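Undergrad: Sequence and predicted structure below; questions after.
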Amino acid sequence: MGSQFSSGFVPSELRQHVERPLARVKVLFDAFKRLCRDDFQNNGMFITRDQFQRVFDMDVDEAHRHFGYWDRARRGRVSSVELWGAMALCCAEREELKINFCFSELLDLDKDGALNEVELRLLL
């Protein structure tokens, strides 16, 4: 994620992404997971510009502009954990709910309630 986010600055056109209710983030995340499963484009570990455009229902130019804030290396994809985690953590919601979403949906891939060595390595 770009350094502008790390310093607390969020460009005005991106506020719609980081000020969503957590329930809406969950709906979008579920749409992303279905898209990955249906299209076999990737395993959900990253989101591509095309997937971003489809999940967020944007036109090509708007999606390219918004996605560019996340894809600072211009690889055409960004880490799902970074994107969905940032959106969840920026929600106007109780910290416990945001952290629970990040843990259960993004990090605990086998849904056993704990992070194993493989899941921890994926974070690094």
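TA: Thanks, I have it. Numbering: from 1, shown residues only.
Undergrad: measure the nearest residue to L106 once chain neighbours are set aside to V60 for me?
TA: Spatial nearest neighbour of L106, chain neighbours left out: V81 (5.0 Å); criterion: Cβ to Cβ, 6 or more residues apart in numbering. The C-beta positions use only the backbone N, C-alpha and C, and glycine is treated the same way. According to Cβ to Cβ, to the nearest Å, V81 stands 25 Å off from V60.
Undergrad: Have a look at those two and say which one is more surrounded.
TA: In this view V81 and V60 are compared by other Cβ atoms under 10 Å, and V81 has more residues nearby, 16 against 10.
Undergrad: what separates the host helix or strand of that one from the chain centre, distance-wise?
TA: With elements delineated by DSSP states H and E, V81 resides in helix 80-89, which encompasses its position. On the basis of Cα atoms, centre = their mean, to the nearest Å, helix 80-89 sits 4 Å off its chain's mean C-alpha point.
Undergrad: For stretch 46-64, buried residues please.
TA: Neighbour counts using 16 or more other Cβ atoms under 10 Å place F46, I47, T48, R49, D50, Q51, F52, Q53, V55, F56, A63 of stretch 46-64 among the buried residues.
Undergrad: before we move on, back to that, how about the helix holding V81 as PDB, C-alpha atoms only?
TA: Taking only C-alpha atoms (Å, rounded to 0.1, in the frame of the first residue of the first chain), the coordinates of helix 80-89 have been written out as PDB:
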ATOM      1  CA  SER A  80      -6.000  -9.100  -0.900                       C
ATOM      2  CA  VAL A  81      -4.900  -8.900   2.700                       C
ATOM      3  CA  GLU A  82      -3.700  -5.300   2.200                       C
ATOM      4  CA  LEU A  83      -6.700  -4.100   0.300                       C
ATOM      5  CA  TRP A  84      -9.500  -5.700   2.200                       C
ATOM      6  CA  GLY A  85      -7.700  -5.300   5.600                       C
ATOM      7  CA  ALA A  86      -7.300  -1.600   5.000                       C
ATOM      8  CA  MET A  87     -10.900  -1.200   4.000                       C
ATOM      9  CA  ALA A  88     -12.100  -3.100   7.100                       C
ATOM     10  CA  LEU A  89      -9.800  -1.300   9.500                       C
END
